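> Predicted model and sequence below, questions to follow.
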Amino acid sequence: MSALTGGADDADDLFIDLVIGWQPSNNTINAMIHVHDDALIVDKNPTCTFRDDNCEVHFDPDNGGGGPYSAPSDLDQQPAYQMCLSFSEQFPRVQMYNGALSEFGQDALDFWWTHSGDFVTAGHVNTGSEYYYEFSANLFDPLSIGGGPDASTDWILTAESTIGMSISVDDADPGINANGDEGSVGSDCCPDGFFWQAQFSMADQFMNTGGMPDIFLTPLDGTDTAVEATSWGQLKTMVQSDL
Ligand SMILES: [Ca+2]
Ligand SMILES: [Ca+2]
Ligand SMILES: [Ca+2]
């Protein structure tokens, strides 16, 4: 991963590792993101949780290029979306976003959709300086170009196809922020101060094309596993996670 904004002082400030798996039997993309972060900051920015400690996932299910932030706006109307996993009490459920919702007359802060259990199952645990984010997601088309935001359809993932996907982690800490000051001056987005010091990501998901890595879906044919005959089962066994 690389820093799109700011940086980290050392591995105690921020360290990230993640595992990604595809489960064909229930058509899900699964991931676990482990973060070591020296200072947990949540609920400072209730309308912009990405300014707190937070994990963002960007999907481009048909790997058509671009993403939920692509411009101009006509290119926004594609099956791409962002998922936001946050420890914020303000948004205890998963947030989803696609910038093209503006094409349907929705205000910026109404863009956030809170789904619970329909397209994604997610959890997060904070133990001291260790943060764990985990999700299992069906990829969906949030913006059927013909039908608008209410015409969602599932994407059925198949072996040896690729999706576009990027995972990033935001780190808010006390001290000098990404703007180079102490964050004492708030804004509409950050009324309690600006604590954002870094965003580390698999790729620049804000680019119009080529911004997200290709994720190649491959089954583990003929491989004996101790737990499950899936890549996700193997990965969970490998990291011995009980999340
Ligand atoms: Ca820091
Ligand atoms: Ca930190
Ligand atoms: Ca932090």
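Arrived safely, thanks for sending. Numbering: from 1, shown residues only. Ligands and ions are numbered 1, 2, ... in the order given.

> Mind checking the pLDDT average for stretch 124-142?
For stretch 124-142, the mean per-residue pLDDT is 89.

> residues from the chain in reach of ligand 2?
Residues of the chain lying close to ligand 2 (Cβ under 5 Å from the ion) are D13, L14, D37, D38, D171, D173. (Glycine included, C-beta is placed from N, CA and C.)

> Name only those of those residues that count as buried.
Burial by neighbour count, 16 or more other Cβ atoms under 10 Å: within the residues of the chain next to ligand 2 this picks out D13, L14, D37, D38, D171, D173.

> Please list which of these are also close to ligand 3.
Near ligand 3, by the rule Cβ under 5 Å from the ion, you find D37, D171, D173 out of these.

> which one is Q82 nearest to, not counting chain neighbours?
Spatially, and ignoring its direct neighbours in sequence, Q82 is nearest to Y97 (4.4 Å; Cβ to Cβ, 6 or more residues apart in numbering).

> again with F216
With Cβ to Cβ, 6+ apart, the residue lying closest to F216 is T162, at 5.2 Å.

> tell me the pLDDT at the one you found?
We have a pLDDT of 92 for T162.

> Tell me where the protein has strands.
2-6, 14-23, 28-37, 54-60, 81-86, 94-97, 113-115, 120-127, 130-137, 140-141, 153-154, 162-172, 196-201, 214-216 (DSSP state E).

> lowest average confidence, helix or strand, in this protein?
For the chain, counting by mean pLDDT, DSSP states H and E, strand 113-115 ranks last in confidence among helices and strands (a mean of 49).

> which stretches of the protein have low pLDDT?
66-78, 90-93, 98-118, 142-152, 184-186, 206-211, 220-243 (pLDDT under 70).
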